[in-house]
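K.L.:
One predicted model, sequence on top.
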Protein chains: 2
Amino acid sequence: MDDRRVDVDSLVSEVSEGAVVVDAEVMEGYRHDWARDPEAGTPVAVVRARGTADVSATLRWAHARGVPVVPRGAGSGLSGGATAVDGGIVLSTELMRGISVDPVTRTAVVQPGLLNAEVKRAVATEGLWYPPDPSSFEMCSIGGNAATNAGGLCCVKYGVTTDYVLGMEVVLADGTVVRLGGPRLKDSAGLSLTKLFVGSEGTLGVITELTLRLLPAQPPQATVVAGFATLTAATDAILAITSALRPAMLEFMDTVAINAVEDEMRMGLDRTAAALLVARSDAPGEFAALEARTIVGLCEKAGATEVFHTSDAAEGEAFTAARRFAIPAVERIGPLLLEDVGVPLPRLGELITGVAAIGERNDVLVSVIAHAGDGNTHPLIVHDPTDPDNTARAHRAFGEIMDLAITLGGTITGEHGVGRLKKAWLPDQVGPEVMALTRRIKDALDPTGILNPGAVL
Amino acid sequence: MDDRRVDVDSLVSEVSEGAVVVDAEVMEGYRHDWARDPEAGTPVAVVRARGTADVSATLRWAHARGVPVVPRGAGSGLSGGATAVDGGIVLSTELMRGISVDPVTRTAVVQPGLLNAEVKRAVATEGLWYPPDPSSFEMCSIGGNAATNAGGLCCVKYGVTTDYVLGMEVVLADGTVVRLGGPRLKDSAGLSLTKLFVGSEGTLGVITELTLRLLPAQPPQATVVAGFATLTAATDAILAITSALRPAMLEFMDTVAINAVEDEMRMGLDRTAAALLVARSDAPGEFAALEARTIVGLCEKAGATEVFHTSDAAEGEAFTAARRFAIPAVERIGPLLLEDVGVPLPRLGELITGVAAIGERNDVLVSVIAHAGDGNTHPLIVHDPTDPDNTARAHRAFGEIMDLAITLGGTITGEHGVGRLKKAWLPDQVGPEVMALTRRIKDALDPTGILNPGAVL
């Protein structure tokens, strides 16, 4: 029995029975998130926390020993933010799944392990709605959503996760438990610490509870689907729509994605289109159909070849599902490097045509899907891991796409987070002064650097 | 010429011509904000920055010498956040007044000295709307709004300042200029530093530019005015309304405020009512009137003695103006200690009746007005500064109201900030762990403690 093993034994007695897992086969499932980082390390143990006390005890234990801790939600992250490190602990919140909903303050208090979809369903029983909706909402956790400041399809009208986090309980690096904010829409007492922890990707603390702001149930939506013969016509339509009204959703798929989805779903999408937009309005009553007709007119004016609109909920949902299905559909062509770059909306056309040029130049297939209404795109780089040359070109394209986004005044990640995959590009986006500022805050909150080392910074 | 004076001379050459003011009479106007703290110090100089370079140079100069710097917007703060300190610099951003509006991304880039009302007017020319609306919107600056995370009347539906700040330029304690965020609704790249500076009350840096998220122009509103014979009936109505729909405004005045306003404005308000609610709906088209009728029904059901509703814009605005005028109207009775406590909505009734009891117990007149829909109240404590006993009782009531808010799970400040007036109560609200965390961040960002010393911490 080596020293490490003794150490882990001393952790077992600090936390709930059965919380510490050292079985190699079980631990294997906790080494990666969806980024599948080939350089993932091997943890000495996985802690499946039963509650805040387990999280606190684990961090206190790790802090005293300088053991790295990688916090983990559902493991659905796409930037390697939950990649295990050698000799560290993976601290999973997946079993912390409580929720209580207060319909009067329109808030919910949730534990981090609950899936986004489970939060949505629980609040829906009270006639309420939690808007943020990552495409992975059926398998991503609300804690991970807060850690990455996750977005989704509704953000163009309803904002991102941080806009819905009013308070939290968070455990600091040394195991100290703090409560921040609460069920109050307005609170100017002290620094905005709640918001600092949102999007901190497990580098500043581990969120053990969230107080979420809710909205009344979303009204029925009208849906518009429009095909375009050119990328430019599609991006012209996007700007025309967002300038005229606030769509509840405004999504983009290029021809590769359209065909990949059509291969699987046989919906009758126009395979010859260069781009497809799916837009929705949730304006009340007949205003939804009215906004949909305005969107139809703007698409036609921008040169749409085919435009369809419906107020039928199931039909509208089918097109939204088609858009959500685009990533797995393109993945059937081959393994993906999944990008998440965003730009100010007027630069969206340059980003989309620039990404196509990067694909051609590097001789790799790149499909672009986008939350077009807020300028957040997901270029999907198809590559062949068995072909080293192809893989090298794919990785070069991956970097060039981030470089392009930065050049266009954009961001290397709109909603997935920096994690480990993108940290080499973060300084290029934010500059040395912001990196230094980030480092000062990190050092102040996690002086021994045990929290998610190697992520973001 | 003493050493201090030499020092100030060395600052003059670092900033724009005329930026440094040492005239005692002019400086007198920069010693206080609206909190009129009698313990305000005397600055060695006021710097009226012409741009970011002046802010940076002033901080670099002050940092090198350990000279305190109190950042100042329009000086309309109510918590003493911009109270001058002896031997320090008051750094005013009032002359930094640029704005540019981008209707495609629906964002505005503004300098901090612009007044909130000027931002609203500038974006309105593009058919856009900046929602946050402190009652002081005609004289408070957008920089001060960001520094305090200011609220207003619209927050019940539209949130607070932080919900509209997408990015900023901020100057750190040592003069370093950093740019954070930008015109992107989604950005998960690195820590959420933008949000950390919002609400930091000049203790972490000086904001020199803001990128604001805008909405399309607010639709016409329908307005409901309802009088109640008891406080309980009014708070019952508030909970019924917020549970049923999302009003665009839901304001409360007690009988003291009603009568004070009626004395000045002669609007025909019911002087016998214990409380008055003013609610508005901005739902599109005929839905505004529909929501107004729902609100009327809920008020009647809760026992309203008189309910009036209108879709006439001028009439509705008159009632909103009456509510906004409540503070100056009550001030005609005597000087005010102005409170800003908030509670989770279900505790609002207990807060309002508890404040009345505190007034009685201390034998001071306390009028309560409130942004009722989000649980944020402004108890107005009328006192007589020439009567030391009365003043002592008023200050005791001031503290007891904050104690009550904390006991009810609330906040000592919903929208005004902690400043210097409320800092003694902050530890009671947030606890020693959060104070220690706050101190760690403050020390990391302002190690020599020159930024707004004595405020918040």
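P.N.:
Looks like it came in fine. Residues are numbered from 1 along each chain as shown, chains lettered A, B, ... in the order given.
K.L.:
and residue A:339, how many neighbours?
P.N.:
For residue A:339, the neighbour count with other CB atoms under 10 Å in any protein chain shown is 25. (C-beta placed from N, C-alpha, C; glycine too.)
K.L.:
any idea how far the residue lying closest to it once chain neighbours are set aside is from chain B?
P.N.:
Nearest in space to residue A:339, with sequence neighbours left out and distances taken as CB to CB, 6 or more residues apart in numbering or on different chains, is residue A:379 at 4.1 Å. According to CB to the nearest CB, to the nearest Å, residue A:379 and chain B sit 15 Å apart.
K.L.:
The host helix or strand of residue A:379 packs against which elements?
P.N.:
Counting by DSSP states H and E, the element that carries residue A:379 is strand A:376-382. The contact analysis (3 or more CB pairs under 8 Å, 6 or more residues apart in numbering or on different chains; DSSP states H and E) places strand A:376-382 against helix A:326-331, strand A:336-338, helix A:348-361, strand A:365-371, helix A:388-407.
K.L.:
check which helix or strand covers residue A:278.
P.N.:
strand A:275-281.
K.L.:
Return the list of strands paired to that strand, each annotated with direction.
P.N.:
Strand pairing for strand A:275-281, determined by DSSP bridges: strand A:222-228 (antiparallel), strand A:249-254 (antiparallel).
K.L.:
who's in contact with the residue nearest to residue A:339?
P.N.:
The neighbourhood of residue A:379, defined by CB atoms under 8 Å, 6 or more residues apart in numbering or on different chains, consists of A:339, A:341, A:355, A:366, A:367, A:368, A:401.
K.L.:
what do you get for residue A:169?
P.N.:
A:52, A:177, A:178, A:179, A:180, A:207, A:208, A:209.
K.L.:
let's go with 6 Å and repeat that
P.N.:
A:179, A:208, A:209 (CB atoms under 6 Å, 6 or more residues apart in numbering or on different chains).
K.L.:
how about the nearest residue to the last one, chain neighbours excluded?
P.N.:
Ranked by CB to CB, 6+ apart and with sequence neighbours excluded, the top spatial neighbour of residue A:209 is residue A:169, at 3.9 Å.
K.L.:
if I look at the one you found, how far off is residue B:36?
P.N.:
Separation of residue A:169 from residue B:36 (CB to CB, to the nearest Å): 38 Å.
K.L.:
So which bits of the stretch 101-250 of chain A are right by chain B?
P.N.:
Those residues of the stretch 101-250 of chain A that sit near chain B, judged by CB under 6 Å from any CB of the partner chain, are A:104-105, A:148-149, A:151, A:155, A:160, A:163, A:176, A:178, A:183-192, A:195-196, A:198-200, A:239, A:243.
K.L.:
Just the buried residues of those residues.
P.N.:
By neighbour count, with 16 or more other CB atoms under 10 Å in any protein chain shown, these hold A:105, A:148-149, A:151, A:155, A:160, A:163, A:176, A:178, A:183-192, A:195-196, A:198-200, A:239, A:243 as buried.
K.L.:
The residues you listed in strands, which ones?
P.N.:
In strands, judged by DSSP state E, the following of these are found: residue A:178.
K.L.:
From the opening residue of stretch A:65-72 to its closing one, how far?
P.N.:
Start to finish, the residues bounding stretch A:65-72 are 20 Å apart (CA to CA, to the nearest Å).
K.L.:
Okay, now the unreliable bits of the stretch 101-250 of chain A?
P.N.:
Counting by pLDDT under 70, the stretch 101-250 of chain A contains no low-confidence residues.
K.L.:
what about the helices in it?
P.N.:
A:116-124, A:142-148, A:155-158, A:193-197, A:231-244 (DSSP state H, counting those that start in this stretch).
K.L.:
ok, and what's touching stretch A:289-306?
P.N.:
Residues outside stretch A:289-306 that contact it (CB under 6 Å, 6+ apart) are A:222, A:224, A:226-229, A:233, A:236-237, A:240-241, A:245, A:270, A:279, A:281, A:283, A:307, A:309, A:311.
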